[in-house]
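**Q** pasting the structure only:
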């Protein structure tokens, strides 16, 4: 099969989005016959129809739908590549793509990245931050879709290099009038008979707590499942249960709500984050600069 040119892929996407060759031709500033010819050549090269044409317009065939998905990915990659190169030519030092866990983002990571970008030497560095689960962070970094990943250091890094980052401490969030509100500390096993507010089952926090509860000889009774720590804290404030929340996250909200934070004494409740990457020697200057900055925030 001959190489597929980017222009043809762009025209195919436009035709499928607009479901009309004439409208796509106007949008792309090209004659409708030229679009039809390009797509016909592509169909011939691939050996399968890509579009179903009718008086109402056009629709992609199953093969067309499959190619359309790949075409969008290719076009997105090309656009970002052009953006990155243009940034360098315009004097911007680099573009860092960072993927992080919900816990890292909810705590100090955004503040650290903001502080990094405010420094005069980094003022022209662009940063993309995406939230993902631990396993997806590792995959994104390993596959080159992100330069850096931030997650708990207990994750399976699948051979990636890493450097230590910040620590956090987990605590039990309870309403101020709760019987446990006056405690200075508590172990998870002491909460197994309480109703909990938890994060979704695919989150690292949920899996860790399930393992810890099982090791303590019980299970956690989840009354409410929420999508993030912010929602968990608000559910606790509303009296829907207790919740295991990072101290740094909870302390921000505790000042505005009738909630107390009781530190957990379990060994796993004191956690460290790590910044992972494929190979430090291969990082672009901007990514290496950010890695050094984040690693300098290491605690303990």
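**A** Looks like it arrived, so ask away. Predicted model, so just to flag it, every value in this text is computed and none were measured.

**Q** what segments of the stretch 51-200 of the chain are strands?
**A** Remark: strands assigned in the stretch 51-200 of the chain by DSSP state E, counting those that start in this stretch are 51-54, 57-60, 94-100, 125-131, 148-152, 161-175, 195-199.

**Q** nearest to residue 242, out of those?
**A** strand 161-175 (4.9 Å; CB to CB). From N, CA and C alone the C-beta is placed, and that goes for glycine too.

**Q** quick one, that closest one and strand 148-152 angle?
**A** Strand 161-175 and strand 148-152 are oriented at 50 degrees to each other (axes from the mean of the first three to the mean of the last three CA atoms, to 10 degrees).

**Q** helices or strands up against strand 161-175?
**A** Contacts defined by 3 or more CB pairs under 8 Å, 6 or more residues apart in numbering; DSSP states H and E place strand 161-175 against helix 229-237, strand 243-246, helix 247-254, strand 259-263, strand 270-277, helix 285-295.

**Q** could I get these as JSON lines with distance to residue 62?
**A** Conversion of these to JSON lines gives the following (distance: least, CB to CB, whole Å):
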{"stretch": "helix 229-237", "distance to residue 62": "39"}
{"stretch": "strand 243-246", "distance to residue 62": "46"}
{"stretch": "helix 247-254", "distance to residue 62": "46"}
{"stretch": "strand 259-263", "distance to residue 62": "53"}
{"stretch": "strand 270-277", "distance to residue 62": "38"}
{"stretch": "helix 285-295", "distance to residue 62": "40"}
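
**Q** got CSV for the ones you listed, with mean pLDDT too?
**A** What follows is these, written out as CSV (pLDDT from 0 to 100):
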stretch, mean pLDDT
helix 229-237, 88
strand 243-246, 91
helix 247-254, 76
strand 259-263, 92
strand 270-277, 93
helix 285-295, 93
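
**Q** out of those, deepest packed?
**A** strand 243-246 (a mean of 26; mean count of other CB atoms under 10 Å).

**Q** what packs against that one?
**A** Strand 243-246 is packed against strand 161-175, strand 195-199, helix 229-237, with contacts defined by 3+ CB pairs under 8 Å, 6+ apart.

**Q** okay, those in a markdown table with distance to residue 272 next?
**A** Below are the helices and strands packed on strand 243-246 laid out as a markdown table (distance: least, CB to CB, whole Å):
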| stretch | distance to residue 272 |
| --- | --- |
| strand 161-175 | 5 |
| strand 195-199 | 20 |
| helix 229-237 | 18 |
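
**Q** which one of those lies closest to residue 118?
**A** strand 161-175 (18.5 Å).

**Q** picking up where we left off before, can you redo the strands of the stretch 51-200 of the chain as CSV with distance to residue 140, mean pLDDT and mean neighbour count?
**A** As requested, those are arranged in CSV below (distance: least, CB to CB, whole Å; pLDDT from 0 to 100; neighbours: other CB atoms under 10 Å):
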stretch, distance to residue 140, mean pLDDT, mean neighbour count
strand 51-54, 33, 89, 13
strand 57-60, 28, 90, 17
strand 94-100, 5, 91, 23
strand 125-131, 8, 92, 16
strand 148-152, 7, 94, 26
strand 161-175, 14, 93, 21
strand 195-199, 20, 93, 21
